[in-house]
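quick one, structure for this:
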Amino acid sequence: MGKLLRINTKEKTFAFEEVPDAYAALGGRALTSQMVLDEVPATCHPLGKNNKLIFAPGLLSGSPAADSGRLSAGAKSPLTGGIKESNAGGLVSQKLAKLGIKALILEGKPEGNDYSMIVINNDGVEILPAGNLEKKGNYAVMEAMWDKYGKNTGVLSIGQAGEQCLKGASINQADINGRPGRAHGRGGLGAVMGSKRIKAIVVNDKGAPRVELQDKDAFKTANKRWVEMLHNHPVTGEGLPALGTAVLVNVINEAGAFPTKNFRSGRFDHAKDISGETIAETIEKRGGVTTEPCHPGCVIKCSNVYHDKDGKYLTSGFEYETIWAFGAHTTIKELDDIAMLDRLCDDFGLDTIEMGVTLGVAMEGGMIEWGDGKTAIDLLGKVGEYAPEGKIIGNGALFTGDALGVDRVPVVKKQALPAYDPRSCKGVGITYATSPMGADHTAGYGVTANILGVGGTVDPLKKEGNIALSQGLQVATAAVDAAGLCLFVAFAVLDNEDGLQTVVDMLNAQYGLSLTTDDVIALGKAILNNERAFNRKAGLTEVDDQLPEMFKESFPPHNTKWDFSNEDLQETLKF
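Sure thing, here's the model as predicted:
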């Protein structure tokens, strides 16, 4: 069953606890959200002593299940004021699972400003001074950790943004090369870690036993089918491995749902310049890596390593959302400028979606010129300099809009919208509005049926069918997050009749259970109900489940408008 590991950041002590029966069947997002609801006062200050930062591996993490290495991080969000779960690939989830740690909880708050780091291995736990890492970016921190503790060590760290407790701050994970290319990006959880003065967490599972499987043969059979499913699907087996997540740039642009110049149009004239095809060609020409896993055991391998014009490493994990946010949204079309902005976010520890949208808002307010990549790089660099301008943009799109007197700010629950316009992809727009997480495409990826034809088809430009689409996907996604699976497995699950059953078969074989697919759906609903319960206690109401009024404008090329009433949207919340 494992243990809970609690770290008192004020006293610099730790304790292992038995897992309560109520938490025994939970993992990943299911566990972080339940614990946040149970243990964090909903009205507390997100940066105060009563907030907690909880890391939980998924139920399948540490097992041989393909694509099961995602780690959930949960807390009260400094950005939204509500509950937040943000998950990422990397090395930590599988290592925590192998060490028998079901959840790692950071609680309390130091009275001073000295930073600490936490080292977890098979021999125990150490809480050490980390003053030598203060004001260093994630690249330097991770290099130092790998030099000291060895390659393939799991690392979670914050950069300068987290130290400043900025609302756009991320927690970054070392990728398979020891670089900060994986991020718990959304919701400002890096600020929570910074408020507790924890600079880094190191996890080493050397000497730990393998995760126990109750029925090894049944697990092997289910996992074989699982891998087959992922390899054979055209998205997970062909598109994503070949071109990475940026395979979507031309697809979404052609669909007229690629938000351009702060959501004024659905098509970007320079989309081909920043497309997955162009990125893959550039990577191959410069000697980078086009296909790389975000964690061991990933068979989709949609990540990459991008080099500069001189053939030197520039950034990794160069993803669709990032390319859109720093590209079409700001009208920057130079790929190398976008890659540098991505690198700075990884180094400083900033959510690339929030920062890309923020730079667009800064352009809207006249702080910098539209499409000026070099000036955008200089402005984002102010975060690493602890400069006043950096403190403005590092706090996100809404904060920056308020500072500049801008009324055109695309946020829901104070969190910036991702890379699909809700007027031309209405299924994902409903998710933006109603997810407990704030605007978040990963919470219910309606792009599947709206644009990609996965799991059926629902017209992206009309109201019909999109509420049911978003609702079903939000429930299913919550369950996927609980298992520690990559979101992209949903493509194969939706298009295979035995997709969900295969996941259930792996869970049953690992834990000796007799779950049904109905049990998994019930878990997804319970997760969402917990998250909404926390948000209600925190003061969020149905007024917060809406898109901003800027989306009432007609949106080219389809000239669609956001036409869902508040009453319509509340139907999504009824199971």
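
my guess is residue 233 contacts residue 491. True?
Yes. Between residue 233 and residue 491 a contact is recorded at 5.5 Å, counting by CB atoms under 8 Å. Glycine gets a C-beta too; all of them are placed from N, C-alpha and C.

can you pull out the strands in the stretch 1-150 of the chain?
3-8, 13-18, 53-57, 71-76, 83-88, 101-107, 116-121, 124-129 (DSSP state E, counting those that start in this stretch).

including distance to residue 338, mean neighbour count and mean pLDDT, could these go into CSV?
Shown next, in CSV, are those (distance: least, CB to CB, whole Å; neighbours: other CB atoms under 10 Å; pLDDT from 0 to 100):
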stretch, distance to residue 338, mean neighbour count, mean pLDDT
strand 3-8, 37, 19, 98
strand 13-18, 41, 13, 98
strand 53-57, 30, 29, 98
strand 71-76, 26, 30, 98
strand 83-88, 21, 28, 97
strand 101-107, 33, 23, 98
strand 116-121, 32, 21, 98
strand 124-129, 37, 13, 98
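
could those go into JSON lines alongside distance to residue 307?
Formatted as JSON lines, the strands of the stretch 1-150 of the chain follow (distance: least, CB to CB, whole Å):
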{"stretch": "strand 3-8", "distance to residue 307": "38"}
{"stretch": "strand 13-18", "distance to residue 307": "41"}
{"stretch": "strand 53-57", "distance to residue 307": "32"}
{"stretch": "strand 71-76", "distance to residue 307": "28"}
{"stretch": "strand 83-88", "distance to residue 307": "23"}
{"stretch": "strand 101-107", "distance to residue 307": "35"}
{"stretch": "strand 116-121", "distance to residue 307": "31"}
{"stretch": "strand 124-129", "distance to residue 307": "35"}
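
out of these, nearest to residue 304?
strand 83-88 (16.1 Å; CB to CB).

domain assignment for the chain?
3-203, 244-419 (automatic domain parsing).

distance to residue 548 added to these, as a markdown table?
Shown next, in a markdown table, are the domains of the chain (distance: least, CB to CB, whole Å):
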| stretch | distance to residue 548 |
| --- | --- |
| domain 3-203 | 14 |
| domain 244-419 | 6 |
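
so which of those domains is nearest residue 451?
Smallest distance to residue 451 across the domains of the chain (CB to CB): 4.9 Å, for domain 244-419.

among the domains of the chain, which comes closest to residue 485?
Nearest to residue 485, of the domains of the chain and by CB to CB, is domain 3-203 at 5.6 Å.

for the closest one, measure first residue to last.
Using CA to CA, to the nearest Å, one end of domain 3-203 lies 15 Å from the other.

same deal with stretch 19-34?
Counting by CA to CA, the terminal residues of stretch 19-34 are separated by 13 Å.

which of the domains of the chain sits closest to residue 439?
Among those, domain 244-419 comes nearest to residue 439, with 4.0 Å by CB to CB.

so how far is that closest one from its chain's centroid?
Using CA atoms, centre = their mean, to the nearest Å, the mean C-alpha position of domain 244-419 is found 15 Å from that of the whole chain.

now swap in stretch 517-534 and tell me
19 Å.

same check, this time on stretch 7-23
On CA atoms, centre = their mean, the centre of stretch 7-23 falls 25 Å from that of its chain.

now do stretch 180-192
8 Å.

got the CA positions of it in CSV?
The C-alpha trace of stretch 180-192 is given here as CSV (Å, rounded to 0.1, in the frame of the first residue of the first chain):
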residue,chain,number,x,y,z
PRO,A,180,14.2,21.0,-17.0
GLY,A,181,12.1,20.1,-20.0
ARG,A,182,9.2,18.7,-18.1
ALA,A,183,7.0,21.1,-16.0
HIS,A,184,4.2,21.1,-13.6
GLY,A,185,3.3,24.3,-15.3
ARG,A,186,-0.2,25.5,-14.7
GLY,A,187,-1.6,27.3,-11.7
GLY,A,188,1.5,28.7,-10.1
LEU,A,189,2.4,25.7,-8.0
GLY,A,190,6.1,26.8,-8.2
ALA,A,191,5.1,29.7,-6.0
VAL,A,192,3.7,27.3,-3.3
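
avg pLDDT for it?
For stretch 180-192, the mean per-residue pLDDT is 97.

in that stretch, what counts as buried?
Judged by neighbour count using 16 or more other CB atoms under 10 Å, the buried positions of stretch 180-192 are 180-192.

in the residues you listed, find the pair that's most separated.
181 and 192 (21.4 Å).

compute the number of surrounding residues for the closest residue to residue 203 other than its chain neighbours.
Spatially, and ignoring its direct neighbours in sequence, residue 203 is nearest to residue 154 (3.8 Å; CB to CB, 6 or more residues apart in numbering). Residue neighbour count, defined by other CB atoms under 10 Å, stands at 24 for residue 154.

same check, this time on the one 4 residues further on
Applying other CB under 10 Å, we find 31 residues neighbouring residue 158.

my read: it touches residue 189, true?
No. Residue 158 lies out of contact with residue 189 (CB under 8 Å); the separation is 9.2 Å.

mutual contacts of those two, please.
Residues within reach of residue 158 and of residue 189 at once, by CB atoms under 8 Å, 6 or more residues apart in numbering, are 169-171.

A helix includes residue 235, no?
Yes. Assigned with DSSP: H, G, I helix; E, B strand; the rest coil, residue 235 falls within a helix.

what does the model give residue 1 for pLDDT?
What the model reports for residue 1 is a pLDDT of 63.

picking that back up, what does the residue nearest to residue 203 show for phi and psi?
Residue 154 has phi and psi values of phi -80, psi 130 when expressed as degrees, to the nearest 10.

just to be sure, residue 315 is in a strand?
Yes. Counting by three-state DSSP, residue 315 is part of a strand.

before we move on, which element is the closest residue to it other than its chain neighbours in?
Nearest residue to residue 315, sequence neighbours excluded (CB to CB, 6+ apart): residue 343, at 4.1 Å. Applying DSSP states H and E as the criterion places residue 343 in helix 335-348.

output the contacting helices and strands for that helix.
Counting by 3 or more CB pairs under 8 Å, 6 or more residues apart in numbering; DSSP states H and E, the packing neighbours recorded for helix 335-348 are helix 138-149, helix 276-286, strand 313-316, helix 320-326, helix 352-364, helix 373-384.

using TSV, please lay out those together with mean pLDDT, distance to residue 541 and mean neighbour count.
Listed next are the helices and strands packed on helix 335-348 as TSV, based on pLDDT from 0 to 100; distance: least, CB to CB, whole Å; neighbours: other CB atoms under 10 Å:
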stretch	mean pLDDT	distance to residue 541	mean neighbour count
helix 138-149	98	37	19
helix 276-286	97	40	17
strand 313-316	98	40	22
helix 320-326	98	28	27
helix 352-364	98	23	29
helix 373-384	98	33	20
